[in-house]
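Chemist: Here you go, sequence then predicted model.
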Amino acid sequence: MKVLKVIPAIVLLGFMVVSQKANSQTLPKIELKLKPQIEKLQVDPIQTPDSREDKQTAQIYLKKGLELFKAEKFNEAIQAFGEVIKIQPNNQYAYLFSGLSYFQLKQYQ
């Protein structure tokens, strides 16, 4: 039983000694070089979904989709929620109500 108590203490002591010796001065220097393809990446300004107009348009489609969902016009609601997803791919409400619309239409796939 004493052996089981001594082994973790020895391992812990070993880590303490090793960690003091392994500092930034003794570690080898590593240079990171970017590949040419990464340096040439550019963002297309047309595809930025964070503009104010896009947010407003997405909100309009979302409200329209919710109204259609409440009116039980599920096919039209799916189209409206699809437009929201095109504008804002991370809008969780559009995915939720789109899925609920498909569920109401019994289109489970």
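Modeler: Okay, I see it.

Chemist: From here on, just use CA atoms for contacts and neighbour counts.
Modeler: Noted.

Chemist: wait, residue 98 sits on residue 73?
Modeler: No. When contacts are counted by CA atoms under 8 Å, residue 98 is not listed as touching residue 73 (11.8 Å).

Chemist: neighbour-wise, which of these two wins?
Modeler: Remark: of residue 98 and residue 73, residue 98 carries more neighbours, 24 against 15, as counted by other CA atoms under 10 Å.

Chemist: Please tell me how far that one sits from residue 84.
Modeler: Plainly put, residue 98 is 10 Å away from residue 84 if you go by CA to CA, to the nearest Å.

Chemist: Please apply the same query to residue 92.
Modeler: In terms of CA to CA, residue 92 sits 10 Å off from residue 84.

Chemist: The two: which has the busier surroundings?
Modeler: Between residue 92 and residue 84, residue 84 has the larger neighbour count (other CA under 10 Å), namely 26 against 11.

Chemist: The helix or strand that one falls within packs against which elements?
Modeler: Here residue 84 sits within helix 74-87, counting by DSSP states H and E. If contacts are counted by 3 or more CA pairs under 8 Å, 6 or more residues apart in numbering; DSSP states H and E, helix 74-87 sits against helix 52-70, helix 92-104.

Chemist: Only C-alpha atoms, please: export that helix in PDB.
Modeler: Extracted in PDB, the C-alpha atoms of helix 74-87 (Å, rounded to 0.1, in the frame of the first residue of the first chain):
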ATOM      1  CA  PHE A  74     -45.500  25.500 -44.600                       C
ATOM      2  CA  ASN A  75     -44.200  25.300 -48.200                       C
ATOM      3  CA  GLU A  76     -44.100  29.100 -48.500                       C
ATOM      4  CA  ALA A  77     -42.500  29.300 -45.000                       C
ATOM      5  CA  ILE A  78     -39.700  27.000 -46.000                       C
ATOM      6  CA  GLN A  79     -38.900  29.300 -49.000                       C
ATOM      7  CA  ALA A  80     -38.800  32.300 -46.700                       C
ATOM      8  CA  PHE A  81     -36.600  30.600 -44.200                       C
ATOM      9  CA  GLY A  82     -34.400  29.400 -47.100                       C
ATOM     10  CA  GLU A  83     -33.800  33.100 -48.000                       C
ATOM     11  CA  VAL A  84     -32.800  33.900 -44.500                       C
ATOM     12  CA  ILE A  85     -30.300  31.000 -44.500                       C
ATOM     13  CA  LYS A  86     -28.800  32.300 -47.800                       C
ATOM     14  CA  ILE A  87     -28.300  35.700 -46.200                       C
END
